[in-house]
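> Pasting a predicted model and its sequence here:
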Amino acid sequence: MNFIQNPKEVPAAHSRIGPYLHKTPLMYSTALNDMLGHEIFFKIDSLQKTGAFKVRGVLNHLLVLKEQQSLPKKVVAYSTGNHGIGLGWVARELGIQARIYLPQNTSSVKQQAARYYGAEVIYTSTRQEAEEKTKIDGANGFYYLHPSDSDYTIAGAGTICYEALQQLDSSPDAIFGACGGGGLLSGAYLAKELTSPTSLLFGCEPLNANDAFLSVRQDSIYRFGQSPETVADGLRTLSISERTFSYLKKLDDFFLVDEYSIYYWTSWLIHLLKVVCEPSCALNMAGVTQWLKKQERPKKVLVLISGGNIDPALYRELWKEDYLLTIPGL
């Protein structure tokens, strides 16, 4: 079944959520461009109101329901953090109740943010348990808001890429986004098809959490039995959905990133851009460099920096090893 929706839903979502959210900046590092010999632009959604792009999809989803006069009074979701934070913020803005199931290994800063916005936070032993409890609540009076398996959520997620493409003075040769549940890349696909169809779109995944890569390769959805181990905590999804699978099969390629490279690029992007960047989006730069090594002429690249909610404990771990001693290159 083909779930791909009309790309025009993305600018409609952008108009809908615009009054509520920041138009986040597009940045570049002259030093990094000199090191690599290419133009790389970063869309910094770590500076969004909730510190991540996820709020875009949640807000669009619930505003559509409000327009349809079917806004629920109680919403439930499971999350590894940023989806839950986004739901907590949107629920507070719209005056509805939010319940969020978080696995116990969710970073402390994300736990605190979800609670700060007034959501009821319930901890579970595993990601699997969080999913199961959410579905039970969804069958018992709560509206179940999946992190990515919804046209409304995907259209909202696509606004990060749509906005970035509007901010660029010309189309990029390639766009890079990370893959957890696939909502970001699904929305990015719609955005680039509408406004920059010649741009290539690449997905990046941790080598240790490569369910989307395996799904595309075997043409059937691969599901982990338990949450994969990776420092990129936002990408510890058990599987993609049939809906996002339809989009991910349209990508031009997937790049897998080892844990060392995730730490390395998290350190370097924080250093070069002077903004907070989660490992879950810093890994994109490992994919960028893998691709650029094969290019014969200078390229223009857009990288989606989708979140910046980093646990202080990770900061301490990052600086145990001096990744900045090794200068980036191709």
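Sure, I can see it.

> For this protein, which residues score under the pLDDT cut-off?
Along the chain, the model assigns pLDDT under 70 to residues 107, 110, 113.

> which residues in the stretch 1-150 of the chain form helices?
9-17, 30-36, 54-67, 82-94, 108-116, 127-138 (DSSP state H, counting those that start in this stretch).

> just the angle between the fifth one and helix 82-94, please?
In this case it means helix 108-116. Helix 108-116 and helix 82-94 are oriented at 20 degrees to each other (axes from the mean of the first three to the mean of the last three C-alpha atoms, to 10 degrees).

> In JSON lines: the helices of the stretch 1-150 of the chain, plus distance to residue 319.
(Each C-beta comes from the backbone N, C-alpha and C, glycine too.) JSON lines is the format used below for those (distance: least, C-beta to C-beta, whole Å):
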{"stretch": "helix 9-17", "distance to residue 319": "36"}
{"stretch": "helix 30-36", "distance to residue 319": "20"}
{"stretch": "helix 54-67", "distance to residue 319": "27"}
{"stretch": "helix 82-94", "distance to residue 319": "23"}
{"stretch": "helix 108-116", "distance to residue 319": "17"}
{"stretch": "helix 127-138", "distance to residue 319": "28"}
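
> quick one, phi/psi of residue 307?
phi -170, psi 160 (degrees, to the nearest 10).

> Could you give the number of residues near the residue lying closest to it once chain neighbours are set aside?
Setting aside the residues directly before and after it, residue 307 is nearest to residue 52 in space (C-beta to C-beta, 6 or more residues apart in numbering), at 3.5 Å. Other residues near residue 52 come to 28 when the count uses other C-beta atoms under 10 Å.

> Among the helices of the stretch 1-150 of the chain, which comes closest to residue 202?
Residue 202 lies closest, by C-beta to C-beta, to one member of the helices of the stretch 1-150 of the chain: helix 30-36, at 15.9 Å.

> residue furthest from the geometric center of this protein?
Residue farthest from the centre of the chain, counting by C-alpha atoms, centre = their mean, is residue 296 at 29.8 Å.

> ok, now which ones touch residue 240?
Contacts for residue 240 (C-beta atoms under 8 Å, 6 or more residues apart in numbering) come out as 148, 179, 181, 182, 211, 212, 215, 221, 248.

> wouldn't the fifth one be in contact with residue 238 here?
Yes: the criterion here is C-beta atoms under 8 Å, and residue 211 meets it with residue 238 at 7.2 Å.

> Mind listing the shared neighbours of those two?
By C-beta under 8 Å, 6+ apart, the residues touching both residue 211 and residue 238 are 223, 224.

> tell me which element residue 162 is part of?
Counting by DSSP states H and E, the element that carries residue 162 is helix 159-167.

> When residue 211 and residue 238 are compared, which one has more neighbours?
residue 211 (23 against 19).

> Grab the nearest non-local neighbour of that one.
Counting by C-beta to C-beta, 6+ apart, residue 211 lies nearest to residue 222, which is 4.9 Å off, once chain neighbours are set aside.

> Wasn't that neighbour part of a strand?
No: counting by DSSP: H, G, I helix; E, B strand; the rest coil, one finds residue 222 to be coil, located in no strand.

> Is residue 327 part of a helix or strand, or is it coil?
Assignment for residue 327 (three-state DSSP): coil.

> nearest spatial neighbour of it, skipping sequence neighbours?
Among residues not flanking residue 327 along the chain, residue 35 sits closest, at 6.4 Å (C-beta to C-beta, 6+ apart).

> ditto for residue 313
The shortest distance from residue 313 to any non-neighbouring residue, by C-beta to C-beta, 6+ apart, is to residue 108 (7.3 Å).

> Look up how far residue 325 lies from that neighbour.
Note on residue 108: its distance to residue 325, by C-beta to C-beta, to the nearest Å, is 29 Å.

> Am I right that the residue nearest to residue 327 is in contact with residue 329?
Yes: contact criterion C-beta under 8 Å: residue 35 and residue 329 qualify, at 6.1 Å.

> So residue 189: helix, strand or coil?
Three-state call for residue 189 (three-state DSSP): helix.

> quick one: contacts for the closest residue to it other than its chain neighbours?
Excluding its sequence neighbours, the residue lying closest to residue 189 (C-beta to C-beta, 6+ apart) is residue 247, at 5.0 Å. When contacts are counted by C-beta under 8 Å, 6+ apart, residue 247 touches 3, 4, 154, 182, 185, 186, 189, 190.

> who touches the nearest residue to the last one once chain neighbours are set aside in this structure?
Leaving aside its sequence neighbours, residue 190 sits nearest to residue 7 (C-beta to C-beta, 6+ apart; 4.3 Å). Residues counted as contacts of residue 7 (C-beta under 8 Å, 6+ apart) are 190, 191, 193, 194.
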